[in-house]
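Q: Could you work out the structure for the sequence below:
(one chain, ligands or ions: 1)
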Amino acid sequence: MKTLCGIDLGGTKIEGVLLAIQDSKFEVIERLRVPTEKEHGYNHILSQIKKVVALLEEKSKTKITTLGIGTPGTLDPTTQTLKNSNTVCLNGQPFKKDLENLLGFSIEMANDANCFALAEATLGAVPDQVSNAQVVFGIIMGTGVGGGVILNGKVLNGRHGIGGEWGHNFLHESGGPCFCGQTGCVETIISGTGLENFYEEETGTRKRLKAILELYEAGKDPAAKATIERLITYFGKGVASIINVIDPDAIVIGGGVGNIDLLYTEGVESAKKYVFNNGLETKFLKPKLGDSAGVFGAAMLVN
Ligand SMILES: [Zn+2]
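A: Numbers count the residues shown, from 1 in each chain. Just a heads-up that it's a prediction; the model follows:
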């Protein structure tokens, strides 16, 4: 049994957890949150993280000597500064080094999609349903699309820290411009936002994806049918390109779009059409850990 500390840095709150871990079994020793208060700036965020660590130590009477932290954005391996964070005051800062200096020990960092993938691969849906999974791909399909690759229980960060960033693979021109500067990214087509944009272009009316799905199920709205079929077709094409490269044992699909049951039936059938193999044994799984995946995955970074 070992004790791991994880921190999930969000835009509004910082969550901390102490987990007791043995194999894929775990117990929460302590879990708490403090507000990020990002409006007070970079140094204040660092001190709020230190406060979470101090509170965890005090409540659990455990000395913390290392931790994993999930952040919005990615640490650039070359410059060692944070990039692509929506908490913009973190961008360009040597966040890991500053935090290590403040805490007095070394830490591990990963972005939220990687933490999600790691948690589900090691403590969540995967050990529950797949035996001896070596390669796992975790996807978050929500307002955007993120992803993380887990190899033998470790995050694959890669040369630029962008390992798993499937959301910005090219999928089809019809997705149009993406915030990243490219066009036709996976995210522009099969994110919740991308699908809602498509429905709006077809009808002139904007609806939430949940409402579009209800119209699809009712079977009377051709634009809703086209939108959900677009999701199924392009989910299959997009995910097949991942399968052809890393051939995962399991794919865990989180985020609002990941709740759509059709992905696990027709979506998988669609992927089968495009995979370079006659069959498809990869398991497509719903996540198990819910909101806890981020902070649990952060803790597993130091496992
Ligand atoms: Zn993009």
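
Q: So for this protein, the centremost residue is which one?
A: Centroid-nearest residue in the chain: Ala113, 2.1 Å away (criterion: Cα atoms, centre = their mean).

Q: Quick check: that residue touching Gly163?
A: No. Here Ala113 does not reach Gly163: they are 10.2 Å apart, not a contact under Cβ atoms under 8 Å. (Each C-beta comes from the backbone N, C-alpha and C, glycine too.)

Q: Give me the common contacts of those two.
A: Shared contacts of Ala113 and Gly163 (Cβ atoms under 8 Å, 6 or more residues apart in numbering): Gly148.

Q: How about Ala223: what's its closest non-neighbour residue?
A: Leaving aside its sequence neighbours, Ala223 sits nearest to Glu202 (Cβ to Cβ, 6 or more residues apart in numbering; 4.0 Å).

Q: what packs against the host helix or strand of the one you found?
A: Assigned by DSSP states H and E, Glu202 falls within helix 192-203. Contacts defined by 3 or more Cβ pairs under 8 Å, 6 or more residues apart in numbering; DSSP states H and E place helix 192-203 against helix 186-190, helix 209-218, helix 222-246.

Q: Can you lay out those as CSV showing mean pLDDT, distance to Gly124 and mean neighbour count?
A: Formatted as CSV, the helices and strands packed on helix 192-203 follow (pLDDT from 0 to 100; distance: least, Cβ to Cβ, whole Å; neighbours: other Cβ atoms under 10 Å):
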stretch, mean pLDDT, distance to Gly124, mean neighbour count
helix 186-190, 97, 22, 28
helix 209-218, 97, 24, 17
helix 222-246, 98, 19, 19
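
Q: Is it possible to get JSON lines of the ones you listed that adds distance to Asp23?
A: Output for the helices and strands packed on helix 192-203, formatted as JSON lines (distance: least, Cβ to Cβ, whole Å):
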{"stretch": "helix 186-190", "distance to Asp23": "34"}
{"stretch": "helix 209-218", "distance to Asp23": "37"}
{"stretch": "helix 222-246", "distance to Asp23": "24"}
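
Q: is it possible to export those to a markdown table including distance to the ion?
A: Listed next are these as a markdown table, based on distance: least, Cβ to the ion, whole Å:
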| stretch | distance to the ion |
| --- | --- |
| helix 186-190 | 5 |
| helix 209-218 | 19 |
| helix 222-246 | 13 |
